[in-house]
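Enquirer: Okay, here's the prediction I keep looking at, along with the sequence it came from:
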Amino acid sequence: MIQVQQGDITKVIVDAVVNAANSSLLGGGGVDGAIHRAGGSQILEECVKIRNRQGGCNTGEAVITTGGKLPAKYVIHTVGPVWQGGNKNEAQLLESCYTKSLDICKEHQIKTVAFPNISTGIYGYPKQPAAEIAVKTVSKYLQANSEIEEIIFVCFDEENFALYKALIP
């Protein structure tokens, strides 16, 4: 049900990949840039429509677009919190990223989804607590929602891969 692998999230064969987006939804660096580059202009076009409709995406929220040229049919864009020392609701906002993304999966009958390590890159969230929040939130969600069949944490780097591997039995 929950797996971990090291690699490139843009190549994973799932119904949806989650993008660690920024609030503008216009692409950026890291995972966000990689997903936009690999998925092509169709993803950006849909992000622009969402932006025009609702003004972007708030921290802890999520929206869905096509997967464009990705193997995944959909991209779920979620905006993780920027680490500010841990006293600015960062843990709750990070948990919300996973929950809101999974709510979208449920709503769109998405059975398989791949998550990156949200907020642990340029947003500076410490990797160990971020991994713990991710695994705990997803595990709890799956206990209450059997519609989602497989969740894969795709770790780009060795450090995150080792952390997730230790947390997932």
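Expert: Ah, there it is.
Enquirer: use CA for all of it now, contacts and neighbours both
Expert: Fine.
Enquirer: So residue 100 is in contact with residue 59, correct?
Expert: No. In this structure, residue 100 is not within contact of residue 59 by Cα atoms under 8 Å, at 10.9 Å.
Enquirer: what does stretch 33-50 rub up against?
Expert: 9-10, 19, 25-27, 56, 65-70, 75 (Cα atoms under 8 Å, 6 or more residues apart in numbering).
Enquirer: What residues of that stretch count as buried?
Expert: In terms of neighbour count (16 or more other Cα atoms under 10 Å), stretch 33-50 has its buried residues at 33-39, 43-44, 46-48, 50.
Enquirer: Next, format those residues as TSV and append distance to residue 132, pLDDT and secondary structure.
Expert: Supplementary listing: the buried residues of stretch 33-50 in TSV, determined by distance: Cα to Cα, whole Å; pLDDT from 0 to 100; DSSP: H, G, I helix; E, B strand; the rest coil:
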residue	distance to residue 132	pLDDT	secondary structure
33	25	96	helix
34	25	96	helix
35	24	97	helix
36	27	97	helix
37	29	97	helix
38	29	98	helix
39	29	97	helix
43	30	98	helix
44	31	97	helix
46	32	97	helix
47	30	97	helix
48	33	97	helix
50	31	97	helix
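Enquirer: Can I get the residues you listed in a markdown table including distance to residue 110?
Expert: Putting these into a markdown table (distance: Cα to Cα, whole Å) gives the following:
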| residue | distance to residue 110 |
| --- | --- |
| 33 | 23 |
| 34 | 22 |
| 35 | 18 |
| 36 | 20 |
| 37 | 23 |
| 38 | 21 |
| 39 | 18 |
| 43 | 18 |
| 44 | 21 |
| 46 | 19 |
| 47 | 19 |
| 48 | 23 |
| 50 | 20 |
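Enquirer: just these now: which is nearest residue 159?
Expert: residue 34 (19.5 Å; Cα to Cα).
Enquirer: in this structure, which residue is closest to the centre?
Expert: By Cα atoms, centre = their mean, the chain has its centre lying nearest to residue 18, at 3.4 Å.
Enquirer: got the phi/psi numbers for that one?
Expert: For residue 18, the backbone dihedrals (degrees, to the nearest 10) come out as phi -100, psi 140.
Enquirer: Give the full set of residues in contact with the nearest residue to it once chain neighbours are set aside.
Expert: The shortest distance from residue 18 to any non-neighbouring residue, by Cα to Cα, 6 or more residues apart in numbering, is to residue 76 (4.6 Å). Residue 76 is in contact with 16-19, 62-65, 101, 104, counting by Cα under 8 Å, 6+ apart.
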